[in-house]
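**Q** Here's a sequence, model it:
(4 chains)
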Protein chains: 2
Amino acid sequence: MTKPTIRDVADLAEVSINTVSRALNGKPDVHPTTRAAVLEAARQLNYVPNRLARRLRTDRTGVFGVIVADISNPFFAMVVKGMGDAARDLECSLILQDSGEALERELEAIHVMRSEHVDSILITPTRFRDGSVDALRSTGVPFVLVGRTFGDAETDHVAPDDEQVGRLATSHLLDRGHRRIALINGPENNSSAHGRRSGYLAALAERGATSSPDLQRSEALTLEDGRRFALELLTQTAERPTAVFAFSDLVALGAVQAIREMGMTIPDDVAIVGCDDIPFGACLEVPLTSVRIPTHAMGREAVAIADRRLSGDRTAAQVKMPVELIVRDSS
Amino acid sequence: MTKPTIRDVADLAEVSINTVSRALNGKPDVHPTTRAAVLEAARQLNYVPNRLARRLRTDRTGVFGVIVADISNPFFAMVVKGMGDAARDLECSLILQDSGEALERELEAIHVMRSEHVDSILITPTRFRDGSVDALRSTGVPFVLVGRTFGDAETDHVAPDDEQVGRLATSHLLDRGHRRIALINGPENNSSAHGRRSGYLAALAERGATSSPDLQRSEALTLEDGRRFALELLTQTAERPTAVFAFSDLVALGAVQAIREMGMTIPDDVAIVGCDDIPFGACLEVPLTSVRIPTHAMGREAVAIADRRLSGDRTAAQVKMPVELIVRDSS
DNA sequence: TTGTATGCGTTATCAA
DNA sequence: TTGATAACGCATACAA
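**A** Numbers count the residues shown, from 1 in each chain, chains lettered A, B, ... in the order given. Predicted coordinates for the structure are as follows:
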């Protein structure tokens, strides 16, 4: 019971394989009667075209290579979900690789994608600079950065409007009367961290407020990082911050733990704003104010950019996804 | 600057393509000198073998087709992460499809996997019975159920020890002195829900306690479901439950919200035990007691089962993953 | 409108 | 130990 090929269909329909191919792919110049006969034969045999063979012949493989920093992070998982939905609309497949935020694995993954002859690579690069740029370029495969950028004007990317993320969170805290607003930021080697700090500083400056190194931390990624930095910030002998803007909701959750451990209350003693708006943030005893990023739409957009590029569009696509402040009780 | 093929390597090394293939694939009967020359030529050209072409020739494609109910659910995301890690060890790729818990999309995904000629399908089926069984069987592609089973003795699967999940949670609550223990269970058409109810009932029976329809709800999947059912259970005029065992931590979070809304405290008024042990459960104001399921290992095991089957093992593999009660403050 | 023949880049068979 | 050559299943240029 070996799988039927195009030849089996041709034999049954008593036409050539060429005709079968043309009929099944909806090409013109096929007599309606013939087409019907082919379709019927294909149905009878339960024929499913072999995508592998098709790929070897055509230039487009119909596969997007997705390299994600950590699929167990709900943020990236939702991005991948968006990609999957968009890919399905295009009748394309997704090959997934998880780099675990490790450059070495990211490079391996790029190598695999090249070997897979994917049409395009969609990647959340682990490094801002000195990372996988060269490796990506040298593959010759078009690629789209997702959620993160390289900070240049050439590379296709789709990312949150990170400057606006920083502005929204900071302005909101200023509106609430806070003046000493701490920033627990992400890694320096992360474009989102850059953008958000810019927005944070800009918002402060516009309102005549200031920051200082005492009020800033970076390299925070995990819940534990958030907890540790928050403890540092809140036990400072100098003027303590009255509000914290965290790089992600995960980091914010760590800060919440720290605040609780110190016996302080939210938002009265310390207000807090996170980022990403993960569903769990709303379940906290003090529901978390957060900046929502349209992750699913961002995934879709990444595929759309890749598809446009594959359709011959030569202009660089750099898309900023709009973000939205969701005010809850923590601020 | 077209991509170099095996022929380019052969030309440069001044050998035949056959020799290149044998040298690169580590086959025997290749002179060390020749092999070195081939390797050097491949390196110089930055040659990367075309997996598509290889697939057309060989019986194994080196691709696992993963069909997951919802990648944005951290539970499944971690399973996929485990699969990815195991696949990488085997130098295999993963094609990912998200069924969104919809049978129709699951069937489409199966069709695609067949067209992709994946070596094996790893699937978290949306239905226990009357689902995609027939479609899966008729593909002729070996498959492994992950996290869920069909309840038969033939189909390969790896799933949590759900009976034990129910037992652990329920025994623990009995130990804490509870007698009226409610169950907010998952969908009837879900094997985990079946197993967990069995364990729940068995544990109660062994200790001379009982349940009743008033104490049980099913079909809960989301946080909102958990909240709704918990409100129902806790506003019952008859004897109110003093403890709740929830199908997942997500459902448990909803129950926590409901309990809070009713002005009750955890665990004094109502104790609660969830399942899955998602990281966020530990961040709640009252950290959540939960039954931990080794999701990452389960993903790895799924790939291992598939790989064994592909290596010719003919015996059905039905693996129960061990589970573990993590006691925190909510019980 | 349809059929024949070629090639995509590999692996594998067989002969040298 | 190596080389020539035939598949794998499909799409397509070209011939009919």
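**Q** Do you have the helices of the stretch 51-200 of chain A handy? List them.
**A** A:51-57, A:74-89, A:103-115, A:133-139, A:162-175, A:191-206 (DSSP state H, counting those that start in this stretch).
**Q** for those, which one sits closest to B:Thr149?
**A** B:Thr149 lies closest, by CB to CB, to one member of those: helix A:74-89, at 24.3 Å. C-betas here are computed from N, CA, C, even on glycine.
**Q** so what secondary structure elements neighbour that closest one?
**A** Contacting helix A:74-89 under the criterion 3 or more CB pairs under 8 Å, 6 or more residues apart in numbering or on different chains; DSSP states H and E are the following elements: strand A:63-68, strand A:93-98, helix A:295-310, helix B:74-89, strand B:93-98.
**Q** Can I get the ones you listed in a markdown table including distance to DNA strand D?
**A** Listed next are these as a markdown table, based on distance: least, CB to the nearest atom of the strand, whole Å:
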| stretch | distance to DNA strand D |
| --- | --- |
| strand A:63-68 | 15 |
| strand A:93-98 | 15 |
| helix A:295-310 | 15 |
| helix B:74-89 | 23 |
| strand B:93-98 | 18 |
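**Q** so which of the ones you listed is the most packed in?
**A** Looking across the helices and strands packed on helix A:74-89 with neighbours counted as mean count of other CB atoms under 10 Å in any protein chain shown, the highest average goes to strand A:63-68: a mean of 28.
**Q** Give me the contact list for it.
**A** The list of residues contacting strand A:63-68 from outside it, by CB atoms under 8 Å, 6 or more residues apart in numbering or on different chains, reads A:55, A:76, A:79-80, A:83, A:87, A:92-99, A:106, A:109-110, A:112-113, A:116-124, A:141, A:303, A:306, B:96.
**Q** Then stretch A:217-232?
**A** Residues contacting stretch A:217-232 (CB under 8 Å, 6+ apart): A:101, A:182-188, A:193, A:233, A:244, A:246-248, A:250-255, A:257-259, A:261-262, B:279, B:283.
**Q** Present the helices of the stretch 51-200 of chain A as CSV; the columns should include mean pLDDT.
**A** Putting the helices of the stretch 51-200 of chain A into CSV (pLDDT from 0 to 100) gives the following:
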stretch, mean pLDDT
helix A:51-57, 96
helix A:74-89, 96
helix A:103-115, 97
helix A:133-139, 93
helix A:162-175, 98
helix A:191-206, 97
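**Q** residues contacting the closest residue to chain B within chain A?
**A** The nearest approach of chain A to chain B comes at A:Glu285, 3.8 Å away (CB to the nearest CB). By CB under 8 Å, 6+ apart, A:Glu285 lies in contact with B:Arg260, B:Leu284, B:Glu285.
**Q** of these, closest to A:Thr61?
**A** Minimum distance to A:Thr61 across those is 45.6 Å, recorded for B:Leu284 (CB to CB).
**Q** For the closest one, grab the count of nearby residues.
**A** Using other CB atoms under 10 Å in any protein chain shown, B:Leu284 has 23 neighbouring residues.
**Q** can you check A:Arg137 too?
**A** A:Arg137 has 11 nearby residues by other CB under 10 Å.
**Q** Take the contacts of stretch A:217-232 and keep only those in strands.
**A** Counting by DSSP state E, those place A:Ala182, A:Leu183, A:Ile184, A:Val244, A:Ala246 in strands.
**Q** Tell me the confidence at the nearest residue to the last one once chain neighbours are set aside?
**A** When the adjacent residues along the chain are set aside, A:Ala246 lies closest to A:Ala252, with 3.8 Å between them (CB to CB, 6 or more residues apart in numbering or on different chains). In the prediction, the pLDDT value recorded for A:Ala252 is 96.
**Q** Among the contacts of A:Glu285, which are located in helices?
**A** Those of these mapping onto helices are B:Arg260, per DSSP state H.
**Q** With respect to chain A, which of the contacts of A:Glu285 is nearest?
**A** The closest of these to chain A turns out to be B:Glu285 (CB to the nearest CB; 3.8 Å).
**Q** For A:Leu145, give me its contacts.
**A** Going by CB under 8 Å, 6+ apart, A:Leu145 touches A:Ile123, A:Thr124, A:Pro125, A:Thr155, A:Asp156, A:His157, A:Val158, A:Ala159.
**Q** do the same with A:Asp269
**A** For A:Asp269, the contact set (CB under 8 Å, 6+ apart) comprises A:Thr242, A:Ile259.
**Q** would you say it is within a helix?
**A** No - per DSSP: H, G, I helix; E, B strand; the rest coil, A:Asp269 lies outside any helix segment and is coil.
**Q** show me what contacts A:Ser192?
**A** Taking CB under 8 Å, 6+ apart as the test, what A:Ser192 contacts is A:Gly147, A:Arg148, A:Ala159, A:Pro160, A:Asp162, A:Val165, A:Gly186, A:Phe247.
**Q** can you do 6 Å?
**A** A:Asp162 (CB atoms under 6 Å, 6 or more residues apart in numbering or on different chains).
**Q** same thing with A:Ile121?
**A** Here A:Ile121 is in contact with A:Gly65, A:Met113, A:Val141, A:Phe143 (CB under 6 Å, 6+ apart).
**Q** and the stretch 201-331 of chain A, which of its residues are near chain B?
**A** The stretch 201-331 of chain A comes close to chain B at residues A:Leu253, A:Phe280, A:Cys283, A:Glu285, as judged by CB under 6 Å from any CB of the partner chain.
**Q** show me the contacts for the third one.
**A** For A:Cys283, the contact set (CB under 6 Å, 6+ apart) comprises B:Leu253.
**Q** could you dump the helices and strands packed on helix A:74-89 to a markdown table with distance to B:Arg137?
**A** Formatted as a markdown table, these follow (distance: least, CB to CB, whole Å):
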| stretch | distance to B:Arg137 |
| --- | --- |
| strand A:63-68 | 27 |
| strand A:93-98 | 22 |
| helix A:295-310 | 32 |
| helix B:74-89 | 22 |
| strand B:93-98 | 18 |
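**Q** which element is A:Val30 on?
**A** For A:Val30, there is no host helix or strand (DSSP states H and E).
**Q** One more: the one 3 residues further on?
**A** Taking DSSP H and E as the criterion, A:Thr33 maps to helix A:32-45.
**Q** Next, report how far that helix is displaced from the centre of its chain.
**A** Centroid separation between helix A:32-45 and its chain, computed with CA atoms, centre = their mean, to the nearest Å, is 42 Å.
**Q** Briefly note if that helix comes near DNA strand C.
**A** Yes - residues of helix A:32-45 contacting DNA strand C under CB under 7 Å from any atom of the strand: A:Thr33, A:Thr34, A:Arg35.
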